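Asker: here you go, sequence then predicted model.
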Amino acid sequence: MDILTLLANGFATAFTPVNLFYCFVGVTVGTFIGVLPGVGAMLGIALLLPVTFYLPPETAIIMLAGIYYGGEYGGAITSILVNVPGSTSSAITTLDGYRMAKQGRAAVALFASAAASFIGGSIGIILMTVFSPAISRFALSLNSADYFAIMVLGLVAGALVARGSLVKGLIAVVIGTLFGMIGTDLSTGVQRYAFGVPELIGGLSVAVVAMALFGLPEIITATAEPKTDLSRFSLRLRDMMPTREDFRRSIVPAGRGSALGSILGILPGTGATIASFLSYTAEKRLSRTPERFGHGAIEGVVGPEAANNAAAQTSFIPTLAIGIPGTPTMALMLGALIIQGIQPGPDMMTLHADLFWALIASFWIGNVMLLILNIPLVGLWAKLANIPYRFLFPSIICLIAVGVYSSTLNTFDVYVVLAIGLFGFGMAITGFEAAPFLMGFILGPMMEENLRRAMQLGRGDPAVFFSRPVSLICLTIVLTALFIPAVRILRRRFARLPGLRNGRPGFR
Amino acid sequence: MYRLLSAGLALSLMAGSALAQTAFPTQPITVVVGFAPGGGMDTMARLVSGEISPQLGQPVIVENRPGAAGTLAPAFVASAKPDGYTIYAGETSAILGPVFQGNVGYDPVKSFTPIARIAVAPHALVANPGVGVSTVAQFIDLVSKNPGEYFYASPGTATLQYLAGEMLKDAAGIEMEAVHFQGGAPSVAAVVSGEVPFGIVSLSAAAAQAEGGKLVILGHTGPERVKGFEKIPPIAETIKGFEAMPSQFIMAPAGTPQEIVDRITGAIARAYEGEKLPGQLTRAGLIPAFQTGGEVSAELPAIAKKLTEVAISVRDGT
């Protein structure tokens, strides 16, 4: 059977009233869970898991998957409105999305984010429909050396995200990496920076750090300048629509973001987050007006949001095509299938072709539902930005605390939010940015793990990093990216050389 | 007035506890799991609580308290009131916490009164098909001819899989090096892709990959052939006496009254009489293996002692 027949059969299954209903339930729950800071798709799926025991397998997975990708739509909403990322992969959206909201363009940002999410999601699904077997083979061919190189690329991109100096960006990446090292070292079992605190043995949670780092400092800063209030901005339908200029700026970034996201989505664990950061960096570097980034550039919302949604779709590929879950959340979804008696393995696409294609078809339906669901909600969400800060901020802090507590039932994480929030405020007033810190926090430990494993498997020979195409390409991009600014700086220094004759070199 | 009030309060509390002893349970029971939702432990707890809840006539709620490599949950239950309303769903791996983390706030044997053993979950010794071995004997032959040349994938240092691997090396007298991955799924992927030739992974995950021809299962770590996986020989058929099999338990805090423990044990035993719970556990990749709390109490100290010794020797690199 060719793909079109299979897909048609999939649509036939996905369009049954029961499946449509549970798809709608999934994406709606996903959106709201994405909106709530600190509550991830994982918790939503866990909550609805018992329901799936009573559903047919395809209905169960359609609903749970809906929660997963629906969360990517919702995650951007709080990023834009209150600078608190609803999900880690939307952290970068705060940079320009929140600035747009501050300029009274919250509705435009939300609209752009929903549209970009739809574009990214659709492109991800198309790739999934056509190339799943090839993509999963490629994903499986990546080894520790490749992952190391990809992580280095991500870290450098993280440093380049910074609005200010590259050096400060790199320092923030390094500090983030050190925070990421907290916990038990994978290859030796040694505890690092845990100070005998049991809760630190497993390390800090990414979601907790992301929220604390982006959300709290902004709130602390805003309380110091009480005059800002968004209520003076009108909320007519006309203001929600992006201008022709916005459209023109958005199309190419959305395409690029989708492409990046689709490729990086296959990385286990953090594909969506890396994709959103890389997309932001790429847009900023390629833009003719990079100075607009960080001050409400719509490209900085559209690119990353297209990227993380594309990644959310393609991240299903290795999970479904090889039967090896890429993230704990994916493992949970596969768990739902296992309880139904379907053991996901490499034959999933052939043995359970009906289920696989019904799921793909439901992705199309779910994304359309999300678009329809999100556009009218834009007005409602944007009204939230009108709530006076004296009501809004305590509510956000309360939501963060409850969200964090509910996922681990441990008050320790609430204290972590407070500590990291204060630390983030300190960083903000000294000119270090949260985005590169978060990249270091997420990718640094993964880089270390893969570096050490690649060296162990290669018996200490660094040639392993240069003998494989993916690794070689990534490392070449990294060296070029770091080399060009270095050359520029050196050139400037040399241009000033005549000044040396007047004595006192260096001090300026 | 206050004294009167507090005396009244104390009286009513006493009355409450007296009632509880005669008619347990009178309120919802919480089953604490040390890991995030999903995965074997959580699935087991959810299936069991779903079955015993109607029998006990009270909701049985699964509560996930992840963190500190799964040791926060047993520590929480160990210090909970021993009234049967807070119980622990745990695995043999809880024995490793005190060895690898030091003071974890519980003793894997002394802090708990076992209620029942629910299931066992042997590990599988797997090879990439490209290596060209299909039995434990061939594996031992190949590795012993090339001492230290081969790697095997493990899901981390403080795991039963890693201990099983080191025990296997000892028992077979072979030299190979562990490569650690962040959990089970990445280590399966590493053997499937051929980055690492061998691995010790969960039997159910391995079976699915083996069916698709992506992995070869050489043997499993249970003492004998297990139901549902009859074709797979235990490693013990080649290396006599080799066993490293995790079990999953339901436990109450130490000091819980015996009649309360028996009440829950009885509910679980009845759930086992039907086909439903064993069937659900099997489908979830677990091997149902019911034992009463008494039977567990008889075996657990010896198992814990042996595992602790192996864990200490692995930790100290001897």
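Answerer: Everything's here; your move.

Asker: wait, doesn't residue A:267 sit right on residue A:261?
Answerer: No: the pair residue A:267 / residue A:261 is not scored as a contact, 10.8 Å apart, by CB atoms under 8 Å. Any C-beta I mention is one placed from the backbone N, CA and C, and that applies to glycine too.

Asker: how much space between residue A:168 and residue A:446?
Answerer: Distance, residue A:168 to residue A:446, using CB to CB, to the nearest Å: 23 Å.

Asker: ok so residue B:63 is a strand residue?
Answerer: Yes: the assignment for residue B:63 by DSSP: H, G, I helix; E, B strand; the rest coil puts it in a strand.

Asker: OK, contacts around it?
Answerer: Neighbour list for residue B:63: A:409, B:30, B:31, B:32, B:33 [criterion: CB atoms under 8 Å, 6 or more residues apart in numbering or on different chains].

Asker: got the contact list for the third one?
Answerer: Contact partners of residue B:31, counting by CB under 8 Å, 6+ apart, are B:45, B:48, B:49, B:60, B:61, B:62, B:63, B:87, B:88, B:89, B:250.

Asker: any idea how far the residue lying closest to residue A:448 once chain neighbours are set aside is from residue B:305?
Answerer: Once flanking residues are discounted, residue A:448 sits nearest to residue A:181: 7.4 Å by CB to CB, 6 or more residues apart in numbering or on different chains. Plainly put, residue A:181 is 34 Å away from residue B:305 if you go by CB to CB.

Asker: with neighbour numbers in mind, choose between the two.
Answerer: Taking neighbours as other CB atoms under 10 Å in any protein chain shown, residue A:181 and residue B:305 compare with residue A:181 leading, 15 against 11.

Asker: still on that earlier bit, and residue A:168 and residue A:446? Which one has more around it.
Answerer: Each of residue A:168 and residue A:446 has its neighbours counted (other CB under 10 Å); residue A:446 has more, 22 against 18.

Asker: so what's residue 127 closest to, chain neighbours aside?
Answerer: The chain I'm using is chain A. residue A:262 (5.0 Å).

Asker: that's the wrong chain, I meant chain B
Answerer: residue B:216 is the one closest to residue B:127 (CB to CB, 6+ apart), at 4.7 Å.

Asker: phi, psi for the one you found please.
Answerer: phi -110, psi 120 (degrees, to the nearest 10).

Asker: how confident was the prediction at it?
Answerer: Predicted confidence (pLDDT) for residue B:216: 95.

Asker: from the contacts of residue B:31, which is closest to chain A?
Answerer: residue B:63 (6.5 Å; CB to the nearest CB).

Asker: quick one on the thing from earlier: ok, the residue nearest to residue A:448 to residue A:449 distance?
Answerer: In terms of CB to CB, residue A:181 sits 11 Å off from residue A:449.

Asker: check residue A:121 too.
Answerer: Separation of residue A:121 from residue A:449 (CB to CB) stands at 30 Å.

Asker: show me where pLDDT drops low in the chain?
Answerer: Reading this off chain A. Residue ranges of chain A with pLDDT under 70: A:1, A:225-240, A:269, A:385, A:496-508.

Asker: can you look at chain B instead?
Answerer: Per-residue confidence for chain B (pLDDT under 70) gives these ranges: B:1-22, B:38-39, B:318.

Asker: strands of the stretch 101-250 of chain B, residue ranges please.
Answerer: Shown for the stretch 101-250 of chain B, the strands assigned by DSSP state E, counting those that start in this stretch span residues B:112-120, B:123-127, B:151-154, B:177-180, B:198-202, B:216-220, B:247-253.

Asker: to residue B:231, which of those strands lies closest?
Answerer: Nearest to residue B:231, of all the strands of the stretch 101-250 of chain B, is strand B:216-220, at 8.9 Å by CB to CB.

Asker: which secondary structure elements does the closest one sit against?
Answerer: Packed against strand B:216-220 by the contact rule (3 or more CB pairs under 8 Å, 6 or more residues apart in numbering or on different chains; DSSP states H and E) you find strand B:123-127, helix B:136-145, helix B:203-211.
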